[in-house]
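Asker: just a sequence and a predicted model for now, questions to come.
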Amino acid sequence: ANVTVTDLEELQELLLVNIENNKHLVTGSVRAKVLKWGEDVTEFQPPPDYILMADCIYYEESLGPLLKTLKDLTGPNTCVLCCYEQRTMGKNPEIERKYFELLKMDFELEKIPLDKHDEEYRSEDIHIVSIHRKQ
């Protein structure tokens, strides 16, 4: 696969270190790019086949920009896999609930059952959701 890994500007160096440390595992290509939620995503077009999200649901202030970026990045055939740890402390449950409520306005969601998760890494508090644009 041709992969683009993204994060904020201040984490690009770490992404490059991780790419270098794992290049022996890569059979396609991998590059690191800055992606700030809510901003222009023109350089990431055409829409990717897959978007993998991990632990992106945590600040209420980031929900709007995150959802805008997902809408801007996805095409009709893009599959988004969202993995997150369900947290029960503080405002986390409310933020999680609000995120999925807002997401359902433009996307279809399907929770991946725990028995379909990798046996070594599965956990009751880790969830994976498959997300597609509504047609």
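Answerer: Great, that's in hand.

Asker: which residues are in contact with the lowest-mean-pLDDT helix or strand in the chain?
Answerer: In the chain, the helix or strand scored least confidently by mean pLDDT, DSSP states H and E is helix 92-103, which has a mean of 91. Residues outside helix 92-103 that contact it (C-beta atoms under 8 Å, 6 or more residues apart in numbering): 57-60, 63, 66-67, 70, 84, 86-87, 109, 129, 131. C-betas here are computed from N, CA, C, even on glycine.

Asker: what residues sit buried inside the helix or strand just after it?
Answerer: Using DSSP states H and E, the helix or strand that follows helix 92-103 in sequence is strand 107-111. Under the neighbour-count criterion of 16 or more other C-beta atoms under 10 Å, strand 107-111 has Phe107 buried.

Asker: which elements pack onto strand 107-111?
Answerer: Strand 107-111 is packed against strand 126-133, with contacts defined by 3 or more C-beta pairs under 8 Å, 6 or more residues apart in numbering; DSSP states H and E.

Asker: could I get the buried residue list for the least confident helix or strand of the chain?
Answerer: 92, 95-96, 99, 103.

Asker: need the residues you listed in TSV (columns: distance to Val3).
Answerer: Formatted as TSV, the buried residues of helix 92-103 follow (distance: C-beta to C-beta, whole Å):
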residue	distance to Val3
Asn92	29
Ile95	28
Glu96	27
Tyr99	25
Leu103	24
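
Asker: could you pull out the strands for the chain?
Answerer: Remark: strands assigned in the chain by DSSP state E are 2-7, 29-34, 50-54, 79-85, 107-111, 126-133.

Asker: out of the buried residues of helix 92-103, which comes closest to Leu114?
Answerer: The closest of those to Leu114 turns out to be Glu96 (C-beta to C-beta; 17.3 Å).

Asker: the closest one and Arg31, how far apart?
Answerer: Counting by C-beta to C-beta, to the nearest Å, the separation of Glu96 from Arg31 is 31 Å.
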